[in-house]
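A.B. asks: sharing a sequence plus its predicted fold:
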Amino acid sequence: MQIAQEKIDDLNILLNIELSPEDYQEKYSESLKSYSKKVSIPGFRPGKVPGGIIKKKYGKALLAEELNKIINETLNKFIDEEKLNILGGPLPNEDETESGNWDNPDKFNFKYDIGLAPKVDMKLDKRSKNDYLVIKIDDKMVDEHIKDMRNRKGTLSNVEIVGEKDMIMGTFVELGDKDEILEGGIMSDSTITLEFIENKPTQKKLIGKKPGEFVVLDPKKVSKGDADLAKMLNVEESALANLASKFRFNINEVKTLTPAELNEEFFNTIGKEGEITSEEDLKKKVVSDTEKQFATESDRLFINSMSKSMLEKSNISLPDEFLKRWIKVSNDKPITDEQIANEYDGYANSLKWQLIENSLVQEADIKIELDEVVDTAKGYIIAQYAQYGLPAPEADNLEEQAKQVLSNQEEYKKMSEMILEKKLIIYLKENVKLNEKKVSYDDFVKAAQAL
């Protein structure tokens, strides 16, 4: 076997692999013998098919299979021994993939293109200031949060007249041009909450109505976007393009929500028993929990901002044409050149950030221990139980459940990436100048959307 590499440029190499009969003949002969024992051909007893017939009928396919195994092993060994940092995987050269005589096997030549990852040595600029946005928690935000908590734990009761904050259970019925019920049209049971209707004229139409009555309205004016509207009418979003603007909404029931009272029973559903004893304690708890939640959001915005800044400064080059071929070949579903062209910039930026991230992880000597991944899985499980108001499992059971979750490679990868991101954020915050700015929630959202 002979292997020769040709450097096309800093990011692309062409690998030529030449195989002689002594490289594949033994394995090929074994393959022919093995196949002759299990193949069934009319006129011959099992295992007694002459070798010549096997070779004539299946020889090329078996030879191709053996050569493919040798090539894959050779490529992997070469990449490992040469310590090549490759992107994607080797691809057969488009101009000249192979040469050799399959009818009279002798020497074979195979050529492969290999895309290399560029060397990235990202150094942090400790002199430049980097904005770190913190959401201001004001009294209005705290009061709204408490209102939502009280509503979630409140009680629903039937009322006879629709009020401005009530819920109406009813049926949407599609109408025709003359306001008649459209035969074969949409008919769907749904719920309208008056408080969330932004169209005031439609809201006024409904206020004061009673069960058994109906209102003609445009369902678009009582929904929030296409997804909500499709769910409300029980149709696919694609059906909304030809949707009528007039529906009859038959009112079946009217319910009003009575928020939970600020008492001991309510307080104990928010914190540990006895932890919250007054509205003031509740506000402090809300502020504390919200600060933790917003700290996570601030960190996420910070690393997104840093990644964008570092990408702009990095000038990283990639073997673009090779990668476009790799995307096309490795995609599970057929993908056109036009699709690749439209999506390639996003893919390339994601890959560049991964290279930068790897450089930073190496510089910071960040490592992820198994115990950390297990603890993260435990935290995930505890949060899942808490979501349904259930206590966390006992230690042994929790450990077993965590291992069960992590037996899924995708879950293990996801949790490892979460730990990596947290450690990277800590490293960045410790090694760059932070310009902390307190902003409103709306301004924070705008900043996040601008990235």
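C.D. replies: Perfect, thanks for sending it. Residues are numbered from 1 along each chain as shown.
A.B. asks: so where do the strands sit in the stretch 151-300 of the chain?
C.D. replies: Applying DSSP state E, counting those that start in this stretch to the stretch 151-300 of the chain gives strands spanning 155-158, 167-174, 187-193, 214-217, 247-258.
A.B. asks: between the longest one and strand 187-193, how many degrees?
C.D. replies: On the basis of axes from the mean of the first three to the mean of the last three Cα atoms, to 10 degrees, strand 247-258 is oriented at 40 degrees to strand 187-193.
A.B. asks: now render the strands of the stretch 151-300 of the chain as a markdown table, adding mean neighbour count.
C.D. replies: Yep, even glycine has a C-beta here, placed from its N, CA and C like the rest. Conversion of the strands of the stretch 151-300 of the chain to a markdown table gives the following (neighbours: other Cβ atoms under 10 Å):
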| stretch | mean neighbour count |
| --- | --- |
| strand 155-158 | 10 |
| strand 167-174 | 19 |
| strand 187-193 | 16 |
| strand 214-217 | 16 |
| strand 247-258 | 18 |
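A.B. asks: compile these into a markdown table and extend it with columns for distance to residue 321 and mean pLDDT.
C.D. replies: Output for these, formatted as a markdown table (distance: least, Cβ to Cβ, whole Å; pLDDT from 0 to 100):
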| stretch | distance to residue 321 | mean pLDDT |
| --- | --- | --- |
| strand 155-158 | 62 | 95 |
| strand 167-174 | 53 | 96 |
| strand 187-193 | 51 | 95 |
| strand 214-217 | 56 | 96 |
| strand 247-258 | 54 | 96 |
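A.B. asks: of all those strands, which one is nearest residue 305?
C.D. replies: Closest to residue 305 of the strands of the stretch 151-300 of the chain, according to Cβ to Cβ: strand 187-193, at 36.6 Å.
A.B. asks: restricting to C-alpha, output stretch 140-160 in PDB.
C.D. replies: Output in PDB follows, covering the C-alpha atoms of stretch 140-160 (Å, rounded to 0.1, in the frame of the first residue of the first chain):
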ATOM      1  CA  LYS A 140     -44.700  46.900  38.500                       C
ATOM      2  CA  MET A 141     -42.900  43.800  37.400                       C
ATOM      3  CA  VAL A 142     -43.100  42.200  40.900                       C
ATOM      4  CA  ASP A 143     -46.800  43.100  41.200                       C
ATOM      5  CA  GLU A 144     -47.500  41.600  37.700                       C
ATOM      6  CA  HIS A 145     -45.700  38.400  38.700                       C
ATOM      7  CA  ILE A 146     -47.600  38.000  41.900                       C
ATOM      8  CA  LYS A 147     -50.900  38.700  40.000                       C
ATOM      9  CA  ASP A 148     -50.000  35.800  37.600                       C
ATOM     10  CA  MET A 149     -49.200  33.500  40.500                       C
ATOM     11  CA  ARG A 150     -52.500  34.300  42.200                       C
ATOM     12  CA  ASN A 151     -54.300  33.700  38.900                       C
ATOM     13  CA  ARG A 152     -52.600  30.400  38.300                       C
ATOM     14  CA  LYS A 153     -53.700  29.200  41.800                       C
ATOM     15  CA  GLY A 154     -57.100  30.900  41.600                       C
ATOM     16  CA  THR A 155     -60.500  29.300  41.100                       C
ATOM     17  CA  LEU A 156     -62.900  29.400  38.200                       C
ATOM     18  CA  SER A 157     -66.700  29.800  38.700                       C
ATOM     19  CA  ASN A 158     -69.600  30.200  36.300                       C
ATOM     20  CA  VAL A 159     -71.200  33.600  35.800                       C
ATOM     21  CA  GLU A 160     -74.300  34.700  33.800                       C
END
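A.B. asks: quick one: contacts of it?
C.D. replies: 166-167, 210-211, 253-260, 262, 266, 269-270, 282-283, 286-287, 290, 441 (Cβ atoms under 8 Å, 6 or more residues apart in numbering).
A.B. asks: give me the contact list for stretch 74-88.
C.D. replies: Stretch 74-88 is contacted from outside by 1, 3, 15, 17, 90, 112, 114-117, 318-319, 322-323, 326, 330, 351, using Cβ under 8 Å, 6+ apart.
A.B. asks: for it, measure first residue to last.
C.D. replies: In stretch 74-88, first residue to last residue: 17 Å (Cα to Cα, to the nearest Å).
A.B. asks: before we move on, back to that, go ahead and build a ChimeraX selection from the buried members of the contacts of stretch 74-88.
C.D. replies: Here is the ChimeraX selection string for the buried members of the contacts of stretch 74-88, based on 16 or more other Cβ atoms under 10 Å:
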select :15,17,90,112,114,115,116,117,318,319,322,323,326,351
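A.B. asks: of the contacts of stretch 74-88, which belong to strands?
C.D. replies: Among these, the ones falling in strands (DSSP state E) are 3, 15, 17, 90, 112, 114, 115, 116.
A.B. asks: show residues contacting stretch 367-379.
C.D. replies: Defining contact as Cβ under 8 Å, 6+ apart, one finds that stretch 367-379 is touched by 398-399, 401-403, 405-406, 411-412, 415-416, 418-420, 423.
A.B. asks: got any ranges where the protein has weak pLDDT?
C.D. replies: Residue ranges of the chain with pLDDT under 70: 43, 45-48, 97-98, 389.
A.B. asks: can you show me the helices along it?
C.D. replies: With helices called from DSSP state H, the chain shows them at 21-38, 51-81, 139-152, 200-206, 225-233, 264-270, 279-314, 320-330, 337-364, 370-387, 395-406, 409-431, 441-450.
A.B. asks: let's have the ones you listed in JSON lines, adding distance to residue 239.
C.D. replies: JSON lines is the format used below for the helices of the chain (distance: least, Cβ to Cβ, whole Å):
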{"stretch": "helix 21-38", "distance to residue 239": "55"}
{"stretch": "helix 51-81", "distance to residue 239": "49"}
{"stretch": "helix 139-152", "distance to residue 239": "32"}
{"stretch": "helix 200-206", "distance to residue 239": "22"}
{"stretch": "helix 225-233", "distance to residue 239": "7"}
{"stretch": "helix 264-270", "distance to residue 239": "41"}
{"stretch": "helix 279-314", "distance to residue 239": "36"}
{"stretch": "helix 320-330", "distance to residue 239": "34"}
{"stretch": "helix 337-364", "distance to residue 239": "26"}
{"stretch": "helix 370-387", "distance to residue 239": "33"}
{"stretch": "helix 395-406", "distance to residue 239": "39"}
{"stretch": "helix 409-431", "distance to residue 239": "34"}
{"stretch": "helix 441-450", "distance to residue 239": "29"}
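A.B. asks: who wins for proximity to residue 180 among those helices?
C.D. replies: Nearest to residue 180 among the helices of the chain is helix 225-233 (18.6 Å), distances taken as Cβ to Cβ.
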